[in-house]
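Novice: no sequence on hand, only this structure:
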């Protein structure tokens, strides 16, 4: 019996990734909740819910943090949100196939904060990291591994 939900910080989640998540949810009968401060196009079914939070900064993030259960999985690009969830021992991954853990979240937060400071000074960090089939495969494989691990436990 499935005792967890997949949550998606939907504001910046690519449609291809949403489709992958939806297929896993449907195939394994796992509840799926998308959260954003505006409507996001999703494949609707009995397992899927679109939650629209208030239209204010971090409202979707706060909604997820306030409604999450420890067994749930969250998919987000948002490093500060990932950090908050990792502190609550929630499984968190991004759309590139990285799992955020207590061991690595500090490094990701430092890089994010450094790049944010550079941007405030008008300096753009190197954004040469591509997003293609390699990253999609890595995400899909990681999500599959995590789901199988959670289903077996």
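Specialist: Okay, I see it. Just so you know, these numbers come straight off a predicted model, no measurement behind them.

Novice: make it CA atoms for all contacts and neighbour counts henceforth
Specialist: Fine.

Novice: show me the contacts for the nearest residue to residue 40 once chain neighbours are set aside.
Specialist: Distances taken as Cα to Cα, 6 or more residues apart in numbering place residue 10 nearest to residue 40, at 7.1 Å, with adjacent residues excluded. Contacts for residue 10 (Cα atoms under 8 Å, 6 or more residues apart in numbering) come out as 34, 35, 36, 40, 76.

Novice: ok, 6 Å please
Specialist: Contact analysis of residue 10 by Cα atoms under 6 Å, 6 or more residues apart in numbering lists 34, 35, 36.

Novice: low pLDDT regions in the chain?
Specialist: 125-129 (pLDDT under 70).

Novice: which residue ranges of it form strands?
Specialist: 6-9, 32-36, 48-52, 73-75, 91-93, 99-100 (DSSP state E).

Novice: nearest to residue 108, out of those strands?
Specialist: Of all these, strand 99-100 sits nearest to residue 108, with 8.5 Å by Cα to Cα.

Novice: roughly how far apart are residue 133 and residue 30?
Specialist: Counting by Cα to Cα, to the nearest Å, the gap from residue 133 to residue 30 is 25 Å.

Novice: actually residue 96, not the one I typed
Specialist: If you measure residue 96 against residue 30 using Cα to Cα, the figure is 21 Å.

Novice: got it, and residue 102?
Specialist: Distance of residue 102 to residue 30, computed by Cα to Cα: 25 Å.

Novice: now swap in residue 11 and tell me
Specialist: 21 Å.

Novice: quick one, what contacts residue 28?
Specialist: By Cα under 6 Å, 6+ apart, residue 28 has no neighbours at all.

Novice: oh, and call the first residue 42 from now on, that's how I've got it
Specialist: Yes, from this point I'll number from 42; that puts the last item at residue 69.

Novice: do you know how far it is from residue 162?
Specialist: Distance, residue 69 to residue 162, using Cα to Cα: 47 Å.

Novice: any idea how far stretch 80-89 is from the chain center?
Specialist: 16 Å (Cα atoms, centre = their mean, to the nearest Å).

Novice: okay, how far is it across that stretch, tip to tip?
Specialist: 14 Å.

Novice: kind regards, and thank you for your time.
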